[in-house]
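*Asks:* I need the structure of the sequence given here:
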Amino acid sequence: MKVYTTACPRNCYSTCAMRVEVEDGRIRRIEPHAGNAATAGGVCLKGLSYVERVYSPDRVLHPLRRNPERGTFERISWDEALGIIAGKLTELRADPGPQSVLYYQASGTKGLLNALGMKFWRLYGGCTTTYGDLCWPAGLEATRLTLGDNKHSAPWDIADARLIVLWGKNAAETNIHQMVFIDQALDAGAQLVVIDPRRTESAERAALLIQPRPGSDGALALAVAHLLIKADQIDHDFIERHVLGFPGFAAMVDEFTPERAAGITDVPLRYIHRLAEYFGAIAPATISPGYGMQRFTNSGQTMRAMLAVLAITGNIGRPGAGWVYANLQSHIFDAVRDPLALYPPQKPDGVVRVSISTARLGPAMLETRDPPLRMAWVERGNPITQNPETNTVLEAFRGLDFRVVVDQFLTDTAREADIVLPAKTMFEQSDVIGAYWHSYIQLKQKVIEPPGEVKPESEVYRLLAQRLGLARADDPQAFPVSDAEVEAYLEKALQPFPELTLDRLREGPQLAPGQEEVAYSDFRFPTRSGKIELESHEAVERWGVDPLPLYREPVESLRRHVPDPDVYPLYLLTPNTKNRIHSQFNNLMMIRQLGDEPLLYMHPDDAAKRHIRDGEWVRVFNDRGELVLESRLDNGLKAGCVCVTNGWWISEGGTVNFCSAARETDMGYGAAFHDVRVQVEVVRDG
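*Replies:* Model (predicted):
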């Protein structure tokens, strides 16, 4: 029996450290690792299911080729698979050119070795990539414009807060380790406020639950600021020293009365006053916003408005206070902390296109010319399920000549491929990973050999580079394959940081050099002005939005009457759930036995208007697509909203993105796929 230290690389707040017991080359047990103070309580059910994930009978263990006549996949050799792919790449590089190939990489796993894919495509002569992100960029950009950087205090600092506001966040399901520290704060007398159209598990200990109309959170924040300024419950000294643009902000919110906000948000007036009273009377205060509420077409400005509440009350840079959204202090390997500077959406006119919008993936693929897209390579992602406007994404993928997907399972995207290549799991190649909630650097350590004919992506790229005769094809620093080559590659990446070595990381997680326990405790803000910017001229220049965080309705708001509100009168919520990470894990028996089902949750009043009873089958639809699901009545859901958890495969009943729209957020090139309205009707015959 040998015990290894490793860490989960999934796109999840926790990035848990764990100990893995291996006996006779097989994983036997996964246990907590106390070296990561943020996740010392242990891994979640998803983490425990890794044993099944590695040894699942459904796992892809060999290269597969689609039989177009039968619509099935047949096992082929690596030699044949690489030969077919290399032949197609050679053909496309000659005509119509290398940028006819779309390289789509998503965030299914984290790690330094993920950069190897782009190295290959640069050697190939280029390709078309995607810009933006499905997850969080509106909030990232709003935070950067306001505070200058994306960082927050250590996870355990929230235990010192006396007021905690979970704004659009269901931490009890999506950030379960954060709830440990929130409970510590509550046990010490703190107050918890939850702002969410749903009553979730996170609200069970809340003193106040506020349920705004989806997309209207910015109006709520501005009304709170209005009341705080009117009652003179603001920190004048902090504002004078550290805040830019307060006079203009105060003048703007002077017109944003709580009565006006109540009409916009559908939140009772007394709740708006109560929230302002909490911020005015209780300190230190922490706001922890979720990612879902910044996926609207007005999300960047919404996040700036929420940040303003902390700024005017002096709740930044102090223990127990702050903005807990994205902590990139462990991203020490990034060349530039502003990702938009690395991947602009377009080069100047007259220069060949380099990138298309991931938020508009389907339409952008169909619109691409000079050259048109002919091939796609997909890894670490499932865009047909997870990207907005699935029917258009399907049309775009099916219109290509050739598709390669690298994955562990036959996902919805893999089922559309011509060639499927088996992907490694987290236990089958070492890598170094950061996080975005805590500041630990961790070694995702290799503990077993890959099963079947699975090859790590670095080896796939090396073999393809050799077949194509590319420079550096045999360079282990370009494409490390053996364990020794991988370690040398990682050691080189660690060289600028003497505190970090592979030997130390094998022992356990290490805090990133220079990490701050309390973010901005030096009150230095790397904005243009050196202050917290409530008024941002960069926001105007870069995004064409108002310099102040002025509230504007999202595109599919019922208040905009676009389209006719009587046609699609319900807001569709598509939150995450505890036992999946988007479209991952639900194919495992362990998760299916204990997880949720594809159900449509409705408020009883909305169901009664449509003569829908609990448990009946219903059609959820708009002009983009539809789902047929079983209904569940839920008194905890805000009337006017319906809810389906996201991540379901088409083969499991359909993805929620059949109904979403391919739109970008107001800043950050994020996906505004929560900005969506639907209608629901009963399907009597089931």
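*Asks:* Low-confidence regions, the stretch 351-500 of the chain specifically.
*Replies:* Filtered on pLDDT under 70, the stretch 351-500 of the chain yields the residue ranges 351-353.
*Asks:* same question, the stretch 201-350 of the chain
*Replies:* Along the stretch 201-350 of the chain, the parts satisfying pLDDT under 70 run over 335-350.
*Asks:* Quick one: the helices in it, in order.
*Replies:* Ranges of helices in the stretch 201-350 of the chain, per DSSP state H, counting those that start in this stretch, are 217-230, 236-242, 246-254, 258-265, 269-281, 299-312, 339-342.
*Asks:* Out of the ones you listed, which gets nearest to residue 638?
*Replies:* The closest of those to residue 638 is helix 258-265. By Cβ to Cβ, the value is 10.5 Å. C-beta coordinates here come from the backbone N, C-alpha and C atoms, glycine included.
*Asks:* which outside residues touch the closest one?
*Replies:* Helix 258-265 is contacted by residues 212-213, 216-217, 219-220, 222-223, 226-227, 267-269, 272-273, 276, 551, 559 when judged by Cβ atoms under 8 Å, 6 or more residues apart in numbering.
*Asks:* same deal with stretch 106-116?
*Replies:* Under Cβ under 8 Å, 6+ apart, the answer for stretch 106-116 is 9-11, 15, 105, 133-135, 333, 378-383, 386, 426, 429, 431-435, 444, 456-458, 461, 478-480, 486, 489-490, 493, 584.
*Asks:* Could you tell me which of the residues you listed count as buried?
*Replies:* 9-11, 15, 105, 133-135, 378-383, 386, 426, 429, 431-435, 444, 456-458, 461, 478-480, 486, 489-490, 493, 584 (16 or more other Cβ atoms under 10 Å).
*Asks:* Could you give me the ChimeraX selection string for whichever of the contacts of helix 258-265 are buried?
*Replies:* The following ChimeraX line selects those of those that are buried, judged by 16+ other Cβ under 10 Å:
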select :212,213,216,217,219,220,222,223,226,227,267,272,276,551
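*Asks:* in what helix or strand does residue 391 lie?
*Replies:* helix 390-398 (DSSP states H and E).
*Asks:* try residue 356
*Replies:* Counting by DSSP H and E, residue 356 is part of strand 355-357.
*Asks:* Against which helices or strands is whichever helix or strand comes after that strand packed?
*Replies:* If you walk from strand 355-357 toward the C-terminus, the next helix or strand you reach (DSSP H and E) is helix 361-367. In this structure, helix 361-367 packs against strand 355-357, helix 390-398, with contacts taken as 3 or more Cβ pairs under 8 Å, 6 or more residues apart in numbering; DSSP states H and E.
*Asks:* Which phi and psi values does the residue nearest in space to the middle of the chain adopt?
*Replies:* When Cα atoms, centre = their mean is applied to the chain, the residue found nearest the centroid is residue 135 (2.9 Å). Per-residue torsions, residue 135: phi -100, psi -60 (degrees, to the nearest 10).
*Asks:* do residue 156 as well
*Replies:* Phi and psi for residue 156, reported as degrees, to the nearest 10, are phi -80, psi -10.
*Asks:* can you pull the contacts of it?
*Replies:* Residues in contact with residue 156 (Cβ under 8 Å, 6+ apart) are 37, 38, 181.
*Asks:* top of these by neighbour count?
*Replies:* Most neighbours among the contacts of residue 156, by other Cβ atoms under 10 Å: residue 38, with 24 neighbours.
*Asks:* Report the buried residues of stretch 251-266.
*Replies:* Neighbour counts over stretch 251-266 (16+ other Cβ under 10 Å) mark 252, 253, 256, 257, 258, 261, 262, 264, 265 as buried.
*Asks:* now stretch 113-130
*Replies:* Quick answer for stretch 113-130 (16+ other Cβ under 10 Å): 113-114, 116-117, 119-121, 123-124, 126-130.
*Asks:* Just the C-alpha atoms of it, please, in CSV.
*Replies:* The C-alpha trace of stretch 113-130 is given here as CSV (Å, rounded to 0.1, in the frame of the first residue of the first chain):
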residue,chain,number,x,y,z
LEU,A,113,0.3,21.1,-18.9
ASN,A,114,-2.9,22.5,-20.4
ALA,A,115,-0.7,25.0,-22.2
LEU,A,116,0.8,22.3,-24.4
GLY,A,117,-2.2,22.3,-26.7
MET,A,118,-1.6,25.9,-27.8
LYS,A,119,2.1,25.1,-28.2
PHE,A,120,1.2,22.5,-30.8
TRP,A,121,-1.2,24.7,-32.7
ARG,A,122,1.3,27.5,-32.9
LEU,A,123,3.9,25.1,-34.4
TYR,A,124,1.2,23.9,-36.8
GLY,A,125,0.9,27.4,-38.1
GLY,A,126,-1.9,28.8,-36.0
CYS,A,127,-5.6,27.9,-35.7
THR,A,128,-8.8,29.6,-34.6
THR,A,129,-9.3,29.8,-30.9
THR,A,130,-12.1,31.1,-28.7
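*Asks:* Correct me if wrong: residue 533 contacts residue 144.
*Replies:* No. If you go by Cβ atoms under 8 Å, residue 533 and residue 144 don't touch, sitting 10.0 Å apart.
*Asks:* Go through the helices and strands packed on helix 361-367 and name the closest to residue 661.
*Replies:* Shortest distance between residue 661 and these, using Cβ to Cβ, is found for helix 390-398: 9.6 Å.
*Asks:* Check the offset of the closest one from the chain's centre.
*Replies:* For helix 390-398, the distance from its own C-alpha centre to the chain's C-alpha centre is 22 Å (Cα atoms, centre = their mean, to the nearest Å).
*Asks:* One more: stretch 439-451?
*Replies:* On Cα atoms, centre = their mean, the centre of stretch 439-451 falls 22 Å from that of its chain.
*Asks:* gap between the two ends of that stretch?
*Replies:* End-to-end distance of stretch 439-451 (Cα to Cα, to the nearest Å): 33 Å.
*Asks:* rewinding a little: among the contacts of stretch 106-116, which are located in strands?
*Replies:* 105, 378, 379, 431, 432, 433, 444 (DSSP state E).
*Asks:* For these, work out which two are farthest apart.
*Replies:* The distance between the two most remote of the ones in strands among the contacts of stretch 106-116 (Cβ to Cβ) is 24.0 Å, for 378 and 432.
*Asks:* re the thing from before, okay, now the sheet partners of the strand holding residue 356, with direction.
*Replies:* Using DSSP bridges, strand 355-357 pairs in its sheet with strand 129-131 (parallel).
*Asks:* Give me the pLDDT for the residue nearest to the centre of the chain.
*Replies:* As summarised for this prediction, residue 135 has a pLDDT of 91.
*Asks:* is it true that it touches residue 11?
*Replies:* Yes. In this structure, residue 135 is within contact of residue 11 by Cβ under 8 Å, at 7.1 Å.
*Asks:* Great, nothing more from me.
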